[in-house]
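**Student:** No letters, just coordinates:
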């Protein structure tokens, strides 16, 4: 890797030269097992911003500090979401076939743009999300939660990741989008592969785009009271590419974040008797529980990506125009500068980074939370004596660059 392929080399402020052989990779075997150890090691070595390599040894800056994350997220004039200014891509060092492109590359959607184009496109998304939320998200979540539970309720055992959390949000989204229910599982698996990265990411992204392109064409002919029809009919006048790309954006983001957060919340309920007893007694509500998980296990550990619009300094590092920055949401939530003791509960504190911040803050967070709260409520009522079937120490996770997902959650219950 030559000097032109690296983020700007730093020589001071706790930010050493970025292009040496020891630059940390945010992918591969080490990153897949314990990314939190990597974040803390990088924090000790570099401070609040660290040089890293993404898939294909693509250079980036990982933002580790809470305040530095907020600075990047809150300032689109300095840190743009428009990857057309990404120097390594612009200069041909990142191929169109890179597995990073589905996550970082430019698309005609609101996430890829700033200013007035962003406001126009985001308005279409938020208007229709609010409309959909008023049409029975909790009713859909109740229906599909019961349907998922029916498949294993007579067995006395289940894996609440594979049998419940992994597909439930997508099944709700199929109803919201106006898709056929049978397409939910395929879309859930493809969404997971896009987040995972690797050689199959582009193939699965194309599969998603194909299904959603057919959906948009059908809804132009046969509109209904669904999210897709709402985008088509919105006064912002989205063109075909904008409609399909926003369907993709909401589908992948809402499903992957909600399924991950649902699994992690169930993990907390089943491994910490204080939380479970608080729920059962009514002393705690599910919103409080979900908020705790969003601090400790945000569904996206690393958020892609921002691009420096000019040479500037961040966390003591001289970032150059066109450099890629990725936002360490999990690392920021555990920043000792703002949270000296991560073991202390953060009840009542909603200032976590789990849903991003600034103009690009996730607009669908209330929908995701409604799905999670409804799903857990149904589960606890349907399965008496629900308990973990293994010791908490046996639970494992697998990480990609962007997220860390619980592998399984084996449980037992009375029949």
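**Tutor:** Right, received. Where do you want to start? As the structure is a computational prediction, the values presented were derived from the model and not from experiment.

**Student:** make it CA atoms for all contacts and neighbour counts henceforth
**Tutor:** Fine.

**Student:** Report the residue spans of the protein with pLDDT below the cut-off.
**Tutor:** For the chain, applying pLDDT under 70 flags the ranges 1-21, 134.

**Student:** Would you point out which residue is most central in it?
**Tutor:** Computing the C-alpha centroid of the chain and ranking residues by C-alpha atoms, centre = their mean puts residue 300 first, at 3.6 Å.

**Student:** Name the nearest residue to that one, ignoring sequence neighbours.
**Tutor:** Spatial nearest neighbour of residue 300, chain neighbours left out: residue 403 (4.8 Å); criterion: C-alpha to C-alpha, 6 or more residues apart in numbering.

**Student:** quick one on the thing from earlier: test my guess that the residue nearest to the centre of the chain contacts residue 257.
**Tutor:** Yes. Residue 300 lies in contact with residue 257 (C-alpha atoms under 8 Å); the separation is 6.7 Å.

**Student:** still on that earlier bit, helix or strand: which one has the residue nearest to the centre of the chain?
**Tutor:** For residue 300, there is no helix or strand it lies in under DSSP states H and E.

**Student:** same deal with the one 5 residues further on?
**Tutor:** Secondary structure here is read from DSSP H and E; on that basis residue 305 sits in strand 302-308.

**Student:** need the contact list for residue 117.
**Tutor:** Counting by C-alpha atoms under 8 Å, 6 or more residues apart in numbering, residue 117 touches residue 110.

**Student:** mind running it again at 10 Å?
**Tutor:** 108, 109, 110, 123 (C-alpha atoms under 10 Å, 6 or more residues apart in numbering).

**Student:** Quickly name whichever of those is closest to residue 336.
**Tutor:** residue 110 (32.9 Å; C-alpha to C-alpha).

**Student:** how much space between the residue nearest to the centre of the chain and residue 326?
**Tutor:** 11 Å (C-alpha to C-alpha, to the nearest Å).

**Student:** before we move on, the earlier item: by neighbour count, which of the contacts of residue 117 wins?
**Tutor:** Counting neighbours by other C-alpha atoms under 10 Å, residue 110 comes out on top of the contacts of residue 117 with 25 neighbours.

**Student:** about what we covered before: my guess is the residue nearest to residue 300 contacts residue 304. True?
**Tutor:** No. The criterion here is C-alpha atoms under 10 Å, and residue 403 misses it with residue 304 at 11.0 Å.

**Student:** So which of these two has more stuff around it?
**Tutor:** Between residue 403 and residue 304, residue 403 has the larger neighbour count (other C-alpha under 10 Å), namely 22 against 19.

**Student:** in the stretch 101-250 of the chain, which spans are strands?
**Tutor:** 157-159 (DSSP state E, counting those that start in this stretch).

**Student:** any chance you could map the helices in it?
**Tutor:** With DSSP state H, counting those that start in this stretch as the criterion, the stretch 101-250 of the chain has helices at 101-104, 115-133, 137-150, 168-177, 183-196, 201-221, 227-233, 240-271.

**Student:** for those helices, which one sits closest to residue 74?
**Tutor:** So among the helices of the stretch 101-250 of the chain, helix 115-133 is nearest, using C-alpha to C-alpha, at 12.7 Å.

**Student:** Just checking the distance from the closest one to the centre of its chain.
**Tutor:** How far helix 115-133 lies from its chain's middle: 19 Å, per C-alpha atoms, centre = their mean, to the nearest Å.

**Student:** circling back to that earlier point, closest to residue 25 out of the helices of the stretch 101-250 of the chain?
**Tutor:** helix 183-196 (14.9 Å).

**Student:** What is that closest one packed up against?
**Tutor:** helix 101-104, helix 168-177, helix 201-221, helix 240-271 (3 or more C-alpha pairs under 10 Å, 6 or more residues apart in numbering; DSSP states H and E).

**Student:** how about a markdown table for the helices of the stretch 101-250 of the chain, with distance to residue 87 added?
**Tutor:** Shown next, in a markdown table, are the helices of the stretch 101-250 of the chain (distance: least, C-alpha to C-alpha, whole Å):
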| stretch | distance to residue 87 |
| --- | --- |
| helix 101-104 | 13 |
| helix 115-133 | 21 |
| helix 137-150 | 42 |
| helix 168-177 | 35 |
| helix 183-196 | 23 |
| helix 201-221 | 22 |
| helix 227-233 | 33 |
| helix 240-271 | 24 |
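
**Student:** Quick check: which of those helices is buried the most?
**Tutor:** helix 168-177 (a mean of 24; mean count of other C-alpha atoms under 10 Å).

**Student:** Could you check the angle that helix makes with helix 240-271?
**Tutor:** 140 degrees (axes from the mean of the first three to the mean of the last three C-alpha atoms, to 10 degrees).

**Student:** what's the offset of helix 168-177 from the middle of its chain?
**Tutor:** 17 Å.

**Student:** Return the distance of residue 163 relative to residue 151.
**Tutor:** 8 Å.

**Student:** which of the two has more neighbours?
**Tutor:** Just comparing residue 163 and residue 151: by other C-alpha under 10 Å the higher neighbour count belongs to residue 163, 17 against 12.

**Student:** follow-up on the earlier one: name the residues contacting each of residue 300 and residue 257.
**Tutor:** Listed as contacting both residue 300 and residue 257 by C-alpha under 10 Å, 6+ apart are 354, 355, 403.

**Student:** Kindly indicate which of those lies nearest residue 156.
**Tutor:** Using C-alpha to C-alpha, residue 403 comes nearest to residue 156 of those, at 30.7 Å.

**Student:** Touching, residue 75 and residue 307? I think so.
**Tutor:** No. Assessed by C-alpha under 10 Å, residue 75 is found out of contact with residue 307, at 11.2 Å.
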